[in-house]
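here's my sequence, what's the structure:
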Amino acid sequence: MSIASLTAWRALLPAALQLDINVTQSIGASSSFIGGLIDASTVATPSTNETCDNSHAANLLVRPASPSGKKLRLIHLSQAYDPTALDVTSSAGSSCILLFDRLAQTAGLSGTVTGEQTTNLPGTLPARASDGAGVCAFLRVWTALGTTGTTFTCRVLGSDDVEYTTPVMEIQANRVNANVLVPIPFPAGVSSIKEVRGVNLAGTTGTAGNFGVVYLRPIQVLYVPIGPDTYEDFGWSGSGFPYIHDNACVNWAPFVRNANRSFNMNCAMRFNWVAD
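Purely as a prediction, here's the structure:
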């Protein structure tokens with residue numbers, strides 16, 4: 001049978017067609033990664049303000065558009081740790097996985113500039129998230145910022161279309177290394193952030209480095225323990241399936257607490273098209 005077009009091919013996709021992906025993140029023994037959220041994306045530092053979608057290099061889930069009347073949903077996730085790299089006596093702790101849609105990102109901010117930085121910030125949200133619902137913002141360190149901790153605030157547009165200054169947030173001295181994500185807190189009474197308009201460091205981090213802002217919309221957050229041969233398995237059914245937008249740039253970020261040696265965190269995810 002010949003298929004005349006991509007549209008015709010998509011129409012033939014079976015309802016139970018599933019997609020499987022497996023990803024691994026190496027966790028360093030250095031305390032710079034312990035107690036922090038790590039952006040597992042290995043894409044190059046953006047040179048411009050980037051809007052991210054399913055064609056972006058950071059996207060883990062390459063797939064066709066959803067068949068008519070169906071939505072792509074996460075149905076299964078499992079996580080394991082490489083036991084050969086774990087210290088039985090000192091590596092017990094806890095972790096979580098943040099699976100998210102990467103919406104937009106920037107770089108070009110400096111760790112040695114105090115006062116508000118207003119350039120090199122993402123603009124408005126992409127169409128799939130234009131209402132701001134569920135959107136979170138983070139500082140993303142692209143190049144290490146030194147060894148000095150500081151605090152910061154941001155000027156943001158809240159989900160209610162009112163401009164706010166966020167509560168003071170700390171960047172700890174061991175959280176200024178590359179790949180670390182630092183959450184930008186919500187202002188009181190605000191449920192999401194639609195735009196970051198300024199970043200204000202109270203003090204220098206010691207080295208200019210390179211950091212920026214990234215907009216994320218969480219898909220699922222899972223808590224897991226850490227230990228030798230630790231394995232966790234999660235599944236969803238019915239309306240509990242976390243929904244994946246067709247244009248989503250799917251990424252993941254592990255959070256690790258209390259681990260004293262390097263090890264690998266392995267994550268396997270299964271997605272399926274489910275009737276809307």
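
and stretch 118-138, what's buried?
Across stretch 118-138, burial judged by 16 or more other CB atoms under 10 Å covers 120-122, 125-126, 129, 132, 135-138. For every residue, glycine as well, the C-beta is placed using N, CA and C.

now the strands: where do they sit in the stretch 151-276 of the chain?
Shown for the stretch 151-276 of the chain, the strands assigned by DSSP state E, counting those that start in this stretch span residues 163-165, 169-171, 180-183, 193-201, 210-226, 231-235, 243-244, 250-257, 263-275.

check which helices and strands the third one sits against.
Looking back up the chat, that one is strand 180-183. In terms of contact count using 3 or more CB pairs under 8 Å, 6 or more residues apart in numbering; DSSP states H and E, strand 180-183 is assigned the packing partners strand 36-38, strand 136-143, strand 169-171.

try the fifth one
Helices and strands touching strand 210-226, as assessed by 3+ CB pairs under 8 Å, 6+ apart, comprise strand 70-81, strand 93-105, strand 136-143, strand 193-201, strand 231-235, strand 250-257.

put the alpha carbons of that strand into PDB.
Extracted as PDB, the C-alpha positions of strand 210-226 are listed here (Å, rounded to 0.1, in the frame of the first residue of the first chain):
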ATOM      1  CA  ASN A 210      27.000  33.300  31.900                       C
ATOM      2  CA  PHE A 211      23.400  32.800  33.000                       C
ATOM      3  CA  GLY A 212      20.000  33.500  31.700                       C
ATOM      4  CA  VAL A 213      16.300  32.900  32.300                       C
ATOM      5  CA  VAL A 214      14.300  29.800  31.100                       C
ATOM      6  CA  TYR A 215      10.500  29.400  31.100                       C
ATOM      7  CA  LEU A 216       9.300  25.900  31.900                       C
ATOM      8  CA  ARG A 217       5.900  24.300  32.300                       C
ATOM      9  CA  PRO A 218       6.000  21.200  34.500                       C
ATOM     10  CA  ILE A 219       4.400  18.000  33.100                       C
ATOM     11  CA  GLN A 220       5.100  15.800  36.100                       C
ATOM     12  CA  VAL A 221       7.100  15.800  39.300                       C
ATOM     13  CA  LEU A 222       8.100  12.600  41.000                       C
ATOM     14  CA  TYR A 223       9.800  11.900  44.300                       C
ATOM     15  CA  VAL A 224      12.300   9.000  44.500                       C
ATOM     16  CA  PRO A 225      14.800   7.700  47.100                       C
ATOM     17  CA  ILE A 226      18.500   7.300  46.300                       C
END
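
name the residues of that strand that are buried.
Judged by neighbour count using 16+ other CB under 10 Å, the buried positions of strand 210-226 are 210-217, 219-220, 224, 226.

quick check: the farthest pair among the residues you listed?
Pairwise distances across the buried residues of strand 210-226 peak at 31.0 Å for 210 and 224 (criterion: CB to CB).

mind putting the strands of the stretch 151-276 of the chain into a markdown table with mean pLDDT and distance to residue 96?
Written out in a markdown table, the entries for the strands of the stretch 151-276 of the chain read as follows (pLDDT from 0 to 100; distance: least, CB to CB, whole Å):
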| stretch | mean pLDDT | distance to residue 96 |
| --- | --- | --- |
| strand 163-165 | 96 | 27 |
| strand 169-171 | 90 | 19 |
| strand 180-183 | 90 | 13 |
| strand 193-201 | 96 | 21 |
| strand 210-226 | 84 | 5 |
| strand 231-235 | 60 | 11 |
| strand 243-244 | 84 | 19 |
| strand 250-257 | 78 | 5 |
| strand 263-275 | 73 | 11 |
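
kind regards, and thank you for your time.
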